[in-house]
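In: Any chance you can model this:
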Amino acid sequence: MVVPTTVYIRFPLYNYSHKYKNLDKIIDVVKHFLEEYEQIILHKDLYRGVFHSYLREIRMKVKHLLAKFQAAPYDDGSWRADKELFCCGLAFDDAGDLRRHYRAVHNDPFVRYTNTLELKSSLAKLDHMRHRLDEYINFGREYNLELLTNLKRVLKKISNTLKF
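Out: Alright, predicted model coming up:
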């Protein structure tokens, strides 16, 4: 008796037939990542260490890719000057105090039970983005304004997520 199974074969994204096809593919990957970013980080509070390591690695690769095209932003959002943070009419000196206040007062967790399917999907999407950035760092030579703008948006979103 033969049992049907599903086999997944991973093909590299990079295509040597036409140089601008690779640019179109990486633009689509980055755009898709930006559209699904909020769903991807849905469980980041529950699995903080895993998500933060993936996000730090993706941020590092985006910085590397932007530096490769000489388009590194002046401020990527990973550092910010000291300033007071306000919420509910109260001033907070650091992000830790603001985070504790937010969790105590405003954070009614809408994710009470972890959906393992969503979690695995999020981790797979982060891993996919990481691999695509690796391939484009190694082989990609073309870029345009849309790619650079979307990469800077990814960098800013990830930096803001890692801060809080």
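
In: rest of the way, CA atoms for contacts and neighbours
Out: OK.

In: Helix or strand next in line after the helix or strand of the chain at the bottom of the mean pLDDT ranking, which one?
Out: Scoring the helices and strands of the chain by mean pLDDT, DSSP states H and E places strand 85-87 at the bottom, with a mean of 69. Toward the C-terminal end, the helix or strand that comes next after strand 85-87 (DSSP states H and E) is strand 90-92.

In: Stretch 152-164: which residues count as buried?
Out: Using 16 or more other CA atoms under 10 Å as the test for burial, stretch 152-164 gives 152-159, 162.

In: Who are the packing partners of the strand or helix carrying residue 67?
Out: Using DSSP H and E, residue 67 sits in helix 48-68. On a contact count with 3 or more CA pairs under 8 Å, 6 or more residues apart in numbering; DSSP states H and E, helix 48-68 meets helix 116-139, helix 145-163.

In: what's in contact with that helix?
Out: By CA atoms under 8 Å, 6 or more residues apart in numbering, the surrounding residues in contact with helix 48-68 are 41, 44, 72, 123, 126-127, 129-130, 133-134, 136-137, 148, 151, 154-155, 158-159, 162.

In: Before I go, just wanted to say thanks for your time.
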